[in-house]
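Visitor: pasted the sequence and its predicted model underneath.
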Amino acid sequence: MNTAEIETATRLDLGYTIVVFNDDDYGLISENQVSHTGEHFGTELTNPDFERFAESFGIDSYRPETWSEVETVLESVVPANEMSLDEITLG
(Lines give C-alpha, C1' and ligand atoms only; values in the text may rest on other atoms or scores of the structure.)
Protein backbone atom coordinates (compact mmCIF):
# COMPACT_ATOMS: atom_id res chain seq x y z
CA MET A 1 0.00 0.00 0.00
CA ASN A 2 1.32 3.43 -0.85
CA THR A 3 0.50 7.01 0.07
CA ALA A 4 -1.82 7.58 -2.89
CA GLU A 5 -3.86 4.49 -2.03
CA ILE A 6 -4.18 5.60 1.59
CA GLU A 7 -5.30 9.06 0.48
CA THR A 8 -7.92 7.54 -1.82
CA ALA A 9 -9.17 5.18 0.88
CA THR A 10 -9.57 7.97 3.42
CA ARG A 11 -11.20 10.34 0.92
CA LEU A 12 -13.71 7.64 -0.06
CA ASP A 13 -14.20 6.71 3.60
CA LEU A 14 -13.27 3.08 3.03
CA GLY A 15 -12.92 1.44 6.40
CA TYR A 16 -10.17 -1.11 6.69
CA THR A 17 -7.14 -1.91 8.78
CA ILE A 18 -3.58 -1.42 7.55
CA VAL A 19 -1.03 -3.59 9.34
CA VAL A 20 2.63 -2.60 9.01
CA PHE A 21 5.21 -5.18 10.09
CA ASN A 22 8.21 -2.93 10.71
CA ASP A 23 11.68 -4.43 11.01
CA ASP A 24 13.55 -1.39 9.60
CA ASP A 25 15.03 -3.77 7.04
CA TYR A 26 14.22 -5.73 3.94
CA GLY A 27 14.13 -8.68 6.31
CA LEU A 28 13.70 -11.56 3.88
CA ILE A 29 16.38 -10.21 1.55
CA SER A 30 18.69 -9.67 4.51
CA GLU A 31 18.15 -13.24 5.75
CA ASN A 32 18.80 -14.61 2.27
CA GLN A 33 22.04 -12.63 1.99
CA VAL A 34 23.21 -13.84 5.40
CA SER A 35 22.44 -17.46 4.55
CA HIS A 36 24.58 -17.23 1.40
CA THR A 37 27.39 -14.88 2.39
CA GLY A 38 27.31 -14.67 6.17
CA GLU A 39 26.47 -10.96 6.09
CA HIS A 40 23.93 -8.56 4.64
CA PHE A 41 24.40 -5.36 2.71
CA GLY A 42 22.10 -2.50 1.73
CA THR A 43 18.96 -3.84 3.36
CA GLU A 44 18.53 -1.46 6.30
CA LEU A 45 15.74 1.10 6.00
CA THR A 46 14.94 4.42 7.59
CA ASN A 47 11.17 4.38 7.94
CA PRO A 48 8.87 7.29 8.67
CA ASP A 49 7.07 7.65 11.96
CA PHE A 50 4.05 5.59 10.91
CA GLU A 51 1.94 6.94 13.76
CA ARG A 52 2.41 10.53 12.58
CA PHE A 53 2.01 9.40 8.97
CA ALA A 54 -1.40 7.89 9.76
CA GLU A 55 -2.42 10.96 11.73
CA SER A 56 -1.60 13.16 8.72
CA PHE A 57 -4.51 11.43 6.97
CA GLY A 58 -6.76 11.54 10.03
CA ILE A 59 -6.35 7.79 10.54
CA ASP A 60 -6.20 6.26 14.01
CA SER A 61 -2.91 4.49 14.63
CA TYR A 62 -1.74 1.92 17.12
CA ARG A 63 1.67 0.56 18.04
CA PRO A 64 1.09 -2.49 20.25
CA GLU A 65 4.17 -3.67 22.15
CA THR A 66 3.28 -7.32 22.81
CA TRP A 67 1.50 -10.03 20.83
CA SER A 68 -1.28 -9.89 23.40
CA GLU A 69 -1.70 -6.18 22.67
CA VAL A 70 -1.65 -6.93 18.93
CA GLU A 71 -4.54 -9.33 19.42
CA THR A 72 -6.46 -6.81 21.53
CA VAL A 73 -5.95 -3.99 19.03
CA LEU A 74 -6.96 -6.08 16.02
CA GLU A 75 -10.02 -7.47 17.79
CA SER A 76 -11.03 -3.86 18.42
CA VAL A 77 -10.25 -2.14 15.11
CA VAL A 78 -11.16 -4.74 12.48
CA PRO A 79 -14.88 -5.01 13.39
CA ALA A 80 -15.11 -1.19 13.68
CA ASN A 81 -14.84 -0.96 9.87
CA GLU A 82 -12.89 2.30 10.11
CA MET A 83 -9.45 3.18 8.78
CA SER A 84 -6.62 2.40 11.14
CA LEU A 85 -2.91 1.80 10.82
CA ASP A 86 -1.38 -0.73 13.18
CA GLU A 87 2.41 -0.89 13.34
CA ILE A 88 3.91 -4.08 14.66
CA THR A 89 7.61 -3.67 15.40
CA LEU A 90 9.72 -6.75 14.71
CA GLY A 91 13.23 -7.53 15.82
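Guide: Structure's in. What do you need?

Visitor: in contact with residue 22, which residues?
Guide: 47, 50, 87, 88, 89, 90 (CB atoms under 8 Å, 6 or more residues apart in numbering). To be clear about C-beta, it is placed using only N, CA and C from the backbone, and glycine gets the same treatment.

Visitor: out of those, which end up buried?
Guide: Neighbour counting with 16 or more other CB atoms under 10 Å marks 50, 87, 88 as buried within those.

Visitor: quick one: mean pLDDT for the strand or helix carrying residue 7?
Guide: Taking DSSP states H and E as the definition, residue 7 sits inside helix 3-11. The average pLDDT for helix 3-11 rounds to 94.

Visitor: list the contacts of it.
Guide: For helix 3-11, the external contacting residues (CB under 8 Å, 6+ apart) are 14, 16, 18, 57, 58, 59, 83.

Visitor: list the beta-bridge partners for the third one.
Guide: When bridges are taken as DSSP bridges, the partners of residue 18 come out as residue 85.

Visitor: among the helices and strands of this structure, which has the poorest mean pLDDT?
Guide: Within the chain, judged by mean pLDDT, DSSP states H and E, the helix or strand with the poorest mean is helix 27-37; its value is a mean of 91.

Visitor: which ones are touching the most centrally placed residue in the chain?
Guide: The centre of the chain sits closest to residue 20, judged by CA atoms, centre = their mean, with a distance of 1.4 Å. By CB under 8 Å, 6+ apart, residue 20 lies in contact with 50, 85, 86, 87, 88.
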